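A.B. asks: need a structure here:
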Amino acid sequence: MAHHCLMLLAGIFFLALQLVLAEECAKYKVTNCEECIKSGPGCAWCKKQNFTKAGEPDSVRCDTVAKLSERGCTSTDVINPPSIAILKENKPLGKSDTTVTQLQPQHVVVDLRPEQPKTIKVDFKLAEGYPIDLYYLMDLSFSMKDDLNNLRKLGTQILDELNRITKSARIGFGAFVDKTVLPFVNTHPEKLKNPCPDTNSPCQSPFGYRHVLSLTDEGKLFKEKVTTEEISGNLDAPEGGLDAMMQAAVCGDKIGWRNVTRLLLLATDDGFHFAGDGKLAAILTPNDGECHLTNNEYTKSTEFDYPSVAQLAQKLEENNIQPIFAVTKKMVPTYQALSKLIPKSAVGELSDDSSNVVQLIKEAYNNLRSQVILEHKNLPNDITITYDSDCGDNQKKSQREPKGRCDNVQIDQQISFNVTITATRCFDNPQTVEIRPLGFTESLKVTVSTRCKCECDEPGRKDDCGGNGNIVCGICSCKKGFLGKNCECRAEEKTTQDLESACHRDNGSAICSDAGECICGTCSCHGSDIQGKQIYGTYCECDNMNCELHNDKLCGGNGKCDCGTCKCNEEYEGSACQCKKSIKSCLNSRNNVCSGRGSCVCDICQCTNGYQPPFCETCPGCAVPCAKYALCIECEHFKNEKNTEKCKTVNCTGFTANIVESLGKDKMCKEKDSVNCFMSFTLKENDGFDSYSATVLKDRECPQPPNIVAIVGGTIAGVALIGLLLLILWKVVTEIYDRREYHRFEKEKQKAKWDTANPLFKSATTVVVNPHFSSE
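C.D. replies: Sure, this is the predicted structure:
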């Protein structure tokens, strides 16, 4: 309920918005009737001669019908072309001897005013017994073996059931497996001959898609063709169903589609490959959406990738084919998701052996037939279309939808759609739009053109436009060589743009400030509907009403407005002449007005250059010019030999300085003089600008000269002291080092154990004993 209320409120809002826009005329730089018509749907043009007043531009001819009528333009002089629709073909709904008409009208020519919509009523009546073409596309992978056997048994039952629905039904047959490359199919030579797991059962080589039987009304032929088909096999679970559907959709001449209800039934027990999966087999070329059947075989299966879902949906829609997905229970959610992406499609649950396929086809067809979706094709960028659906008393009405839609439509029930067409701008050549109910063969052809030209048929006279032009829609159309509102200007070598450029105050301004008319390069200012208002100036940039108010009176009633500024009477002043002239409260203690640094307006100082009221005496942000007057103070009170030459050239006219013993708490200046002494003083600004008086401290701060003897003596003493300290430090370090070495030597001496004899000593005496000598 809340949703319905929101939809209703939205519809009311858009309707109100359209009414408001239709009553407004947002014109901009309109100079003729055609520009006025293009400005908006609410704009109309008055072609009445002498309609404009003196100085008024031709743009006042462009306005709403109501405002033009208020200015005296009669209905016969108003040009306001509406959007129109002409029925070119409008056959009544129902059956005739040879044809069935479900959609009315069949051809409409629409002439649209830009942004002014036109609504066409389109009726649809579902006819009974409308012819049907059913193409049965079957998955022949090994898991569908039982399904193929049952389809052989069912044979003519499918066609018989279709003939109960309609008197003209045909059936065709096609089969698919998958692309015959790895990893989709085993490419071993033996597996290519017999890909089935059961090598004893009949099995044919794998293939992408094969067209077996064109659409026919012979049930026996269908049964024979199905009987000749054998099961096949592949490797992965997803199949090449989308590849097969694409070929069945685009190869219409080989399938044998008629211009009737077209049904494409896909029977499978598994998922599907889609765009991008071909990369697994190094197939990188996108599907081109073209027919590639040679000898009823899809010969480009291993060259082109699988189609995308959007690409397949587009081709099915272009060829007016409604798919039915007959899938097993586990695959129903997958194909329901796919069905949401493909308009006018249905999903049915197939039994494990396809025994219920006849009932599934019947139910799916009834669901598709009862759903009517009205949409458009080949819509140009400059045209918009919306739909209001009226599906009967028991269904809600939708408004301003991108498609018209009605569900549960019964046989012989008439439903209506209000199709609103709008052109967003003018275009030269007529555009054609096709509107049709999805899944049905009939369509509405809409030829759209725009009404952007004015049809004026005023009788001409020789003296029109000074004899230099003709009256077209109430204004002058000048002959070559003449310009101006009444063709009064000779163009010579100048163009209209050259003349208009002289009427611009600057590059960003309008011609004559949008308050006048450019006549031969000179602004002629408009008159005003406001009593007493005058527009003037070289570029009509001034008037006598656009000034400040005081007490709701222009310039306070005490002056005149001149081009945005109040010119006050002699005794008044102020931006709005709001007060009498007086300087009583502006005089400082020296009786100077605002200290010479401002003006007295309404008895209040208006200070300049950062000075502050009440008397413009102080300027917190201003710099004090200490350095500028330091030389004047030095030359006046601290003369010496070094500054004599400088003091001859310095100009200190009007500057005064007083010597004091001590300075106050004012901001003090401290500057260095020519002898490097610091002068301390304060500056006080006199009335006016750049005029100061100084208060100077009597004593300067001069630095004492350096004591050379103390500096030299201190330096020598310092050097000597440093040297002595270094010697002492060196002595201490060496003493410590020696003591450590001696201590270590003593320790080594105590550790050593010497023998009584020197192990290195050898005696110089040699004793020789004669063995034969005896002491006896």
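A.B. asks: Tell me if Asp288 really is in a strand.
C.D. replies: No - the assignment for Asp288 is coil, going by DSSP: H, G, I helix; E, B strand; the rest coil, so no strand is present there.
A.B. asks: Number of residues surrounding it?
C.D. replies: Using other CB atoms under 10 Å as the criterion, Asp288 is surrounded by 15 other residues. (C-beta placed from N, C-alpha, C; glycine too.)
A.B. asks: Give me the phi and psi angles of it.
C.D. replies: With angles defined as degrees, to the nearest 10, Asp288 shows backbone torsions of phi -90, psi 0.
A.B. asks: Surely it and Glu303 touch.
C.D. replies: No - here Asp288 does not reach Glu303: they are 9.8 Å apart, not a contact under CB atoms under 8 Å.
A.B. asks: what do the two both touch?
C.D. replies: Common neighbours of Asp288 and Glu303 are not found (criterion: CB atoms under 8 Å, 6 or more residues apart in numbering).
A.B. asks: Tell me the spacing between Asp123 and Gly404.
C.D. replies: Applying CB to CB, to the nearest Å, the value for Asp123 to Gly404 is 12 Å.
A.B. asks: so what sits against both of those two?
C.D. replies: Common neighbours of Asp123 and Gly404 (criterion: CB under 8 Å, 6+ apart): Phe417.
A.B. asks: Just want to know which of the two has more residues nearby.
C.D. replies: Gly404 (27 against 15).
A.B. asks: if I've got this straight, Lys254 is in a helix?
C.D. replies: Yes - the assignment for Lys254 (three-state DSSP) places it in a helix.
A.B. asks: which helix in this structure runs the most residues?
C.D. replies: For the chain, the helix reaching the highest residue count under DSSP state H is reported as helix 708-751.
A.B. asks: Contact partners for the closest residue to Ala313 other than its chain neighbours?
C.D. replies: Of all residues not flanking Ala313 in the chain, Ile342 sits nearest, at 4.5 Å (CB to CB, 6 or more residues apart in numbering). If you count contacts by CB under 8 Å, 6+ apart, Ile342 has them with 309, 312-313, 316, 323.
A.B. asks: at 7 Å what do you get?
C.D. replies: By CB atoms under 7 Å, 6 or more residues apart in numbering, Ile342 lies in contact with 313, 316, 323.
A.B. asks: Equivalent analysis for Lys362, please.
C.D. replies: Under the criterion of CB under 7 Å, 6+ apart, the contact list for Lys362 reads Glu161.
A.B. asks: tell me the secondary structure for it?
C.D. replies: Of the three states, Lys362 takes helix according to three-state DSSP.
A.B. asks: Can you name the residues that contact the closest residue to Asn287 other than its chain neighbours?
C.D. replies: For Asn287, the nearest residue in space outside its immediate sequence neighbours is Pro307; the separation is 4.2 Å by CB to CB, 6+ apart. By CB under 7 Å, 6+ apart, the residues touching Pro307 are 242-243, 246, 275, 287, 289.
A.B. asks: swap in Thr538?
C.D. replies: Taking CB under 7 Å, 6+ apart as the contact definition, Thr538 lies against Cys523.
A.B. asks: swap in Ile385?
C.D. replies: Under the criterion of CB under 7 Å, 6+ apart, the contact partners of Ile385 comprise 376, 379, 419-421.
A.B. asks: secondary structure element for it?
C.D. replies: In the assignment (DSSP states H and E), Ile385 maps to strand 383-390.
A.B. asks: how about low-confidence regions in the stretch 251-400 of the chain?
C.D. replies: Across the stretch 251-400 of the chain, the stretches falling below the confidence threshold (pLDDT under 70) are 394-396.
A.B. asks: Can you show me the helices along it?
C.D. replies: Assignment of helices within the stretch 251-400 of the chain using DSSP state H, counting those that start in this stretch yields the ranges 252-255, 309-318, 332-341, 357-369.
A.B. asks: Check the stretch 1-150 of the chain too.
C.D. replies: With DSSP H, counting those that start in this stretch, the ranges of helices along the stretch 1-150 of the chain come out as 2-22, 33-39, 65-70, 145-154.
A.B. asks: thinking Val226 is in contact with Lys153, fair?
C.D. replies: No - here Val226 does not reach Lys153: they are 9.6 Å apart, not a contact under CB atoms under 7 Å.
A.B. asks: and the two? which has more neighbours close in?
C.D. replies: For Val226 versus Lys153, neighbours defined as other CB under 10 Å are more numerous around Val226 (21 against 13).
A.B. asks: what secondary structure does that one sit in?
C.D. replies: On the three-state scheme (three-state DSSP), Val226 is labelled helix.
A.B. asks: Same check on the one 4 residues further on?
C.D. replies: Of the three states, Glu230 takes coil under three-state DSSP.
A.B. asks: roughly how far apart are it and Arg152?
C.D. replies: From Glu230 across to Arg152, the span is 11 Å (CB to CB).
A.B. asks: cool, Phe207 as well?
C.D. replies: Relative to Arg152, and taking CB to CB, Phe207 is found at 19 Å.
A.B. asks: Just want to know which of these two has more residues nearby.
C.D. replies: A direct count of neighbours by other CB under 10 Å for Phe207 and Arg152 places Phe207 higher, at 19 against 14.
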